[in-house]
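Peer 1: Below are the sequence and a predicted model for it; my questions follow.
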Amino acid sequence: MDELNSLFQGFAVAMTLPNLGFMLLGLVLGILIGVLPGLGGANGVAILLPLTFSMNPTSAIIMLSCIYWGALFGGAITSILFNIPGEPWSVATTFDGFPLAQQGRAAEALTAAFTSSFVGAFFAVLAITFLAPLLAKFALEFGPPEFFAVQMLTFCSFIGMSKDPPMKTLAAMMLGFALAAVGMDTVTGQLRMTFGYPELLKGFDFLIAVIGLFGIGEILLTMEEGLAFKGKSAKISFKVVWNTWRELLQYWRTFIRSVLIGCWMGITPGGATPASFMGYGMARRAAKDKESFGRGNVEGVVAPETAAHAAGTSALLPMLTLGIPGSPTAAVLLGGLLIWGLQPGPLLFVEQKDFVWGLIASMYLGNLVGLFVVLTTVPWWAAILRIPFPVIAPVIIVICAIGAYTVHSSIFDVIMMLVFGVLGYLFKKLRYPMAPLVLALVLGDMAESSFRQSMLLSQGDVGIFFGNWLVGGLMALAIFLLLVPAWGSFKDMLRRREASAHLG
Amino acid sequence: MSDQEQGAGLNRRIPEAGVAALLLAVGGIVIMDSLRVGIEWADDGPKAGYFPFFIGILLAFSAGWTLLLTLLGWSRETKLFSQWSELRDVAAMLVPTTVFIVAVPFLGLYVPGAVLIGYFMKRHGDFGWIATILTALCVPVTFFLIFERWFLVPLAKGPIEAWLGF
């Protein structure tokens, strides 16, 4: 019951008037970011991060995490009303959401989406409340080899679970590690890969990479697709909300399934996007009337939204307890913690109780408040999307530039942002995943130091990673996840050979 | 997708090979620099190039793999990267953005920002002069109020702001 006590203390922290104000501000900004093209959860939080440098860490993380919830909610609005997924994880929501809007049932679809988001996030926060302290206590025993094994697990599961070609995933990840290594080596003090340029001394900041890759890159892609916003309008009345809620009760199985998928995908760094597709696919497979999916089935909105939010929220569990983010946005939040002088990891739960439980309590509140904010303000957000693209696009470019500049007040960073933007466009077109690049850039230094410390402990013997059951098990799991795609393609090859043998 | 049927464009293999070659080069640089700072052990533990060396090897290997596959399938590749018209749209965004960012070190963020917004509204939208100028001025002023006044985060300023006394 320790957790409940700490949680109530957390509520006391989160419920103060200024914190509630920051929560509301964060939610509104977040929904705005989610609605606008080119600004998403990760780069939105990255751009707004410098605004919080002067705040105390607890208020700052409450505001930032509320931006994140807001962005998750906002993505659903554009998918349903405009058939434009504002976020990658709301692509699956368009499948049934937009047909519903076309049939004049937009209000129903939006209510279902927001409610499912809330349910998904709520259960993920419950999981965090009770699992995080256990995991943190467990992780207190970790030494450098264990930490490196967990990091290895993160990166291997990226390669294994990614839908993109494994060699490209590996290349993107290694580019992240290489960029992270630029600058002064923290152990020996030697300069690496700076080639005499003083700008490179500090290395590459991942916030700049996030703003460029996701912000500028996304705008360039949107330009190419030639966007014309033609949307449905919607107003939500209390009666529709009530009726939809009653209808949603019958989908309890879908909710449970999607919550489980989402939590799993969030904790192991699969991320919200694959979770939403898996949630949708599973719901469709289990449904009696498969035909109605894709033509406006409320269940087809419920399943991906629940899974995406459960994943997005539970991605914060490994971030808080192990210092390993489960998604790019969680990585940005982790970067924030480091800037405020908090070291994420198991000790956070011992040393910064107020902070951790204030954050967890704010997740409950933020989601509940977010649900009401978004239900009541939908028409307003839909109106924002009617602002013509020639106005929105340059404004977003300027916002990205401001965001990149404010991180270190450095103009070199603004130029790097543009370089990362072009890279992001090319990567997206050529199917290089960006999340591993960002995570490697964030975790590069940590992974390197835990690897070097382990090597020091063992005097260069790699056997230390299989020294005991815990670290060996983690490494074995990592290698297993790494080999999953190889096994899949091997099976495909066998099947093809068998098929051709039958033909011949 | 249906890339093949509509219009001419840039074949996918060219940017594919280009990006892979770039990554291969980065991998090479990482390996060389790691060798420079030392990849072996010193008296007090591994040297600075110890870890990045492996990173460089893996980067060069994975990029080399993609490059090799692209080169081997060079004549069979029919997929388009983008149509020329789409690339023109991208350039319509990228070129003014580049000009904007090149101007930032000299003029600060506010004035080039206003010019970028104004240029876009005139060039790609059908807005009158009044609407264009009002929007182009209001957006930077709003940013000024939010960042410098409310959150006390200074942004890059140029000679014009200095002349105005900020």
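Peer 2: Great, that's in hand.

Peer 1: CA only for contacts and neighbour counts going forward, please
Peer 2: OK.

Peer 1: and B:S82, which of the three is it?
Peer 2: State at B:S82, reduced to three classes by DSSP: H, G, I helix; E, B strand; the rest coil: strand.

Peer 1: show me the contacts for it.
Peer 2: B:S82 makes contact with B:D3, B:G9, B:L10, B:N11, B:R12, according to Cα atoms under 8 Å, 6 or more residues apart in numbering or on different chains.

Peer 1: Need phi/psi at the third one.
Peer 2: Looking back up the chat, that one is B:L10. The phi/psi pair for B:L10 (degrees, to the nearest 10) reads phi -90, psi 120.

Peer 1: pLDDT weak spots in the stretch 101-250 of chain A?
Peer 2: The model of the stretch 101-250 of chain A has pLDDT under 70 over residues A:227-234.

Peer 1: Flag every residue of it that's near chain B.
Peer 2: Counting by Cα under 8 Å from any Cα of the partner chain, the residues of the stretch 101-250 of chain A lying close to chain B are A:167-168, A:170-171, A:174-175, A:177-178, A:181, A:185, A:187-188, A:190, A:192-193, A:220-221, A:223-226.

Peer 1: ChimeraX command for the buried members of those?
Peer 2: Command for ChimeraX that selects the buried part of those, burial taken from 16 or more other Cα atoms under 10 Å in any protein chain shown:
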select /A:167,168,170,171,174,175,177,178,181,185,192,193,220,221,223,224
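
Peer 1: Which of the residues of the stretch 101-250 of chain A next to chain B fall in helices?
Peer 2: Counting by DSSP state H, those place A:167-168, A:170-171, A:174-175, A:177-178, A:181, A:220-221, A:223-225 in helices.

Peer 1: For B:K122, state which of those residues is nearest.
Peer 2: Nearest to B:K122 out of those is A:M223 (Cα to Cα; 16.5 Å).

Peer 1: Distance check, that closest one against B:I101.
Peer 2: A:M223 sits 18 Å away from B:I101, going by Cα to Cα, to the nearest Å.

Peer 1: quick one, strands of chain A?
Peer 2: Ranges of strands within chain A are A:183-184, A:191-192, based on DSSP state E.

Peer 1: Show me what the first one is packed against.
Peer 2: Strand A:183-184 is packed against strand A:191-192, with contacts defined by 3 or more Cα pairs under 8 Å, 6 or more residues apart in numbering or on different chains; DSSP states H and E.

Peer 1: How about residues contacting the strand it packs on?
Peer 2: A:A181, A:V182, A:G183, A:M184, A:D185, A:L201, B:D33, B:S34, B:V37, B:A48.

Peer 1: Counting neighbours, which of those residues comes out on top?
Peer 2: Most neighbours among the contacts of strand A:191-192, by other Cα atoms under 10 Å in any protein chain shown: B:A48, with 29 neighbours.

Peer 1: A strand includes it, no?
Peer 2: No: under three-state DSSP, B:A48 falls outside any strand and is assigned coil.

Peer 1: got any ranges where the chain has weak pLDDT?
Peer 2: This is for chain A. Looking at chain A by pLDDT under 70, you get A:1, A:37-38, A:86-88, A:227-234, A:268-271, A:485, A:500-504.

Peer 1: um, chain B though
Peer 2: Within chain B, the stretches with pLDDT under 70 are B:1-7.

Peer 1: Mind putting the contacts of B:S82 into a markdown table with neighbour count and distance to A:P379?
Peer 2: Shown next, in a markdown table, are the contacts of B:S82 (neighbours: other Cα atoms under 10 Å in any protein chain shown; distance: Cα to Cα, whole Å):
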| residue | neighbour count | distance to A:P379 |
| --- | --- | --- |
| B:D3 | 14 | 37 |
| B:G9 | 17 | 40 |
| B:L10 | 15 | 41 |
| B:N11 | 16 | 43 |
| B:R12 | 18 | 41 |
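
Peer 1: quick one: which of those is nearest to A:F142?
Peer 2: For the contacts of B:S82, the minimum distance to A:F142 (Cα to Cα) is 46.4 Å, reached by B:R12.

Peer 1: Report the contact partners of the closest one.
Peer 2: By Cα under 8 Å, 6+ apart, the neighbours of B:R12 are B:E77, B:T78, B:K79, B:L80, B:F81, B:S82.

Peer 1: before we move on, the earlier item: so which of the strands of chain A is nearest A:L365?
Peer 2: Using Cα to Cα, the nearest of the strands of chain A to A:L365 is strand A:183-184, at 41.0 Å.

Peer 1: Break down the stretch 101-250 of chain A into its helices, ranges please.
Peer 2: Secondary structure of the stretch 101-250 of chain A by DSSP state H, counting those that start in this stretch: the helices cover A:106-139, A:144-161, A:166-181, A:206-210, A:217-225, A:238-248.

Peer 1: tell me the most buried of those helices?
Peer 2: Highest mean neighbour count of the helices of the stretch 101-250 of chain A: helix A:206-210, a mean of 27 (counted as mean count of other Cα atoms under 10 Å in any protein chain shown).

Peer 1: From the contact counts, what lies against that one?
Peer 2: Applying 3+ Cα pairs under 8 Å, 6+ apart, one finds that helix A:206-210 contacts helix A:41-48, helix A:389-408, helix A:411-429, helix A:435-458.

Peer 1: The same query, at a cut-off of 7 Å, please.
Peer 2: Applying 3 or more Cα pairs under 7 Å, 6 or more residues apart in numbering or on different chains; DSSP states H and E, one finds that helix A:206-210 makes contact with helix A:41-48, helix A:411-429, helix A:435-458.

Peer 1: what's the distance between the first one and the middle of its chain?
Peer 2: The chain centroid and the centroid of helix A:41-48 are separated by 11 Å, computed with Cα atoms, centre = their mean, to the nearest Å.

Peer 1: between the helices and strands packed on helix A:206-210, which one is nearest to B:W150?
Peer 2: With Cα to Cα as the criterion, B:W150 lies closest to helix A:41-48 of the helices and strands packed on helix A:206-210, at 13.2 Å.

Peer 1: Tell me what angle that closest one forms with helix A:389-408.
Peer 2: If you take axes from the mean of the first three to the mean of the last three Cα atoms, to 10 degrees, helix A:41-48 sits at 60 degrees to helix A:389-408.

Peer 1: Check whether helix A:41-48 comes into contact with chain B.
Peer 2: No: Helix A:41-48 stays clear of chain B (Cα under 7 Å from any Cα of the partner chain), getting no nearer than 10.2 Å.
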